[in-house]
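1. mind looking at a prediction? Sequence and model below.
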Amino acid sequence: MDQIRLFIELTKKALQRQMTYRAAIAAGVLTNLFFGLLRAAVLQALYVGRSEVAGITLPAAITYTGISQATIGIFAAFSWFAIIRSVYSGEVSSDLLKPMDYFTFWLAQDWGRSIIELLLRSLPIMLAYAVVFGITVPHTAVQWLALAAALWLGWLVSFAWRFLLNLSAFWTPNAIGVARFGFVLSWFMSGFLMPLRFFPDWFVQICYLTPFPHTVNTVVEIYLGLLSGPEILMALGGQALWAAVLIAAGQLVLQLGIRKLVIQGG
Amino acid sequence: MRYHLDLYIRLVGVQIRSQLQYRASFLMDSAATGIVTVLGFLTLALIFRRFNHISGWTLWEVAFLYGMVEAAFGTMDMFFSGFDPQNFGKQIRLGLFDQILLRPVNATVQVLASDFILRRLGRIIQGLIVLGLAFANQDVQWTLGKILYLPVIFVSLVMFFGGLFVIGATITFWTVESIEIINVFTYGGSEMMSYPMHIYQDWMRRFFTYVLPGIFIVYYPALFILGKPDPFHMPQFAYFLSPVAGFSVLLAASVFWQFGVRHYQSTGT
């Protein structure tokens, strides 16, 4: 019970903290929109003379560019080095002493962060897209429910992956470099640059050996209605499975890391 | 001038030596900073297997733009890192620029020499590889003029992107809040110029023609070198405006920068 109250308190604090970055978020929305426009122009030019490619119509492809930009904030897809910074500053020592599981401690805060990103970044991006391009939207209540589940599970996968990347700070003084590499890989394999369906099968298969497509690509496929009933369940199941695997790996690595950790003394 | 050049070389030399201290770490960082270039190009190549061309341009024609832009942006990012709006904005916020102004040396030289990132070589080399592949996989009707024009285009691109960094840094004299907007012009501009400009909506292209002359920097030279038709029917000399456009942007940026330095008010902390 106490744990739940703690969780909610941490989430609230993170909400408030993220709210103070309103100006930065507004700037982020404009940046995301500009890059979305560029991607939309590229896809439009690629589609010349075709109405549908790999089951994706041109309006759906344009909508895709909006979704991929709208998920950047929720999944913190470009960078998230909060734990690395806390390790290097030494704050980690007091965080580990807190009466709360270390993973849950950060999970609660990221939950708050991503709620603000959803409200202040993702929604305005999709609304602007709806006005400028006219987007497609999911047709059925089932699709909307599945979309909500996919977003939540995708966030969980992304967080568990970021947590794991950040733990590298327990071993190396150059953890930001290591983590950055992990983020770069995820751009190319998550379906963030282009819908994975456009790629050759062998490449998609390689991508699906990693957790990355279970963030952006799953959300995209469910939103655009590219998956039918049982396929939706399979997709959500894949997300849940990867979330579980990454969370377990995170716990294991954390245990190893704590044994290794030397706090920089002042 | 001579004095400033000596000082610049010395300051940059110190950084290069320190960055080379950890060889393995340096090599890994170099590879990692460039990996985006190679992976980005692979993505493009895979996409082209399905689409074949992008409004009349083949993969290798686009690769010319992509390789040029990547190598030039990497070069700019190596020399102009001191002006990187993200980092410079941080210095302004922390009041570190005050220290620079207090020293009896030209502020511009100090900022320029404050950050020289050798590991950008990774991005430059990988950009050049893509450029090499572009030439190897298509028949370019080479003339002496075209060969001589290549390095000019490269330097113009570096000046153009450098100008954008300087403008971005100058804006942080007044606001450090909405710094991410500047990314639209720097990173957005480089991404935009990696594709043929005729794919964009009219208003975007007009902005990058008449407000920020990006279209002349690499797209028009590419039409000339690759022998592609000009969809906008500009006069023929548009092919050769690259150095003029690149230099004007850098010049305008440095005028703006001087203005900013003169009107700089410290954060007061």
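-> Right, received. Where do you want to start?
2. all helices of the chain, in order?
-> With no chain named, the answer covers chain A. In chain A, the helices defined using DSSP state H lie at A:2-19, A:22-47, A:58-75, A:82-89, A:92-97, A:102-117, A:123-132, A:141-166, A:175-189, A:201-207, A:216-223, A:229-260.
3. chain B was what I was after
-> B:2-19, B:23-51, B:59-79, B:85-94, B:96-102, B:107-114, B:121-136, B:144-171, B:182-193, B:202-206, B:214-217, B:219-226, B:242-262.
4. want to throw those helices into JSON lines with distance to chain A, mean pLDDT and mean neighbour count?
-> In short, each C-beta sits where N, CA and C put it, glycine included. Listed next are the helices of chain B as JSON lines, based on distance: least, C-beta to the nearest C-beta, whole Å; pLDDT from 0 to 100; neighbours: other C-beta atoms under 10 Å in any protein chain shown:
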{"stretch": "helix B:2-19", "distance to chain A": "13", "mean pLDDT": "88", "mean neighbour count": "12"}
{"stretch": "helix B:23-51", "distance to chain A": "4", "mean pLDDT": "85", "mean neighbour count": "17"}
{"stretch": "helix B:59-79", "distance to chain A": "10", "mean pLDDT": "95", "mean neighbour count": "24"}
{"stretch": "helix B:85-94", "distance to chain A": "11", "mean pLDDT": "86", "mean neighbour count": "19"}
{"stretch": "helix B:96-102", "distance to chain A": "19", "mean pLDDT": "88", "mean neighbour count": "14"}
{"stretch": "helix B:107-114", "distance to chain A": "20", "mean pLDDT": "88", "mean neighbour count": "19"}
{"stretch": "helix B:121-136", "distance to chain A": "12", "mean pLDDT": "94", "mean neighbour count": "20"}
{"stretch": "helix B:144-171", "distance to chain A": "12", "mean pLDDT": "95", "mean neighbour count": "20"}
{"stretch": "helix B:182-193", "distance to chain A": "5", "mean pLDDT": "88", "mean neighbour count": "21"}
{"stretch": "helix B:202-206", "distance to chain A": "7", "mean pLDDT": "91", "mean neighbour count": "12"}
{"stretch": "helix B:214-217", "distance to chain A": "13", "mean pLDDT": "94", "mean neighbour count": "26"}
{"stretch": "helix B:219-226", "distance to chain A": "14", "mean pLDDT": "96", "mean neighbour count": "23"}
{"stretch": "helix B:242-262", "distance to chain A": "19", "mean pLDDT": "96", "mean neighbour count": "17"}
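5. please name the nearest non-neighbouring residue to residue A:14.
-> If you skip the residues right next to it in sequence, residue A:14 has residue A:112 as its closest partner in space, 2.8 Å away by C-beta to C-beta, 6 or more residues apart in numbering or on different chains.
6. swap in residue B:106?
-> Spatial nearest neighbour of residue B:106, excluding adjacent residues (C-beta to C-beta, 6+ apart): residue B:4 at 5.9 Å.
7. which residue, neighbours along the chain excluded, lies closest to residue B:20?
-> residue B:26 (6.0 Å).
8. residue B:225 too?
-> If you skip the residues right next to it in sequence, residue B:225 has residue B:146 as its closest partner in space, 5.2 Å away by C-beta to C-beta, 6+ apart.
9. spit out the contact partners of that neighbour.
-> B:140, B:224-225 (C-beta atoms under 8 Å, 6 or more residues apart in numbering or on different chains).
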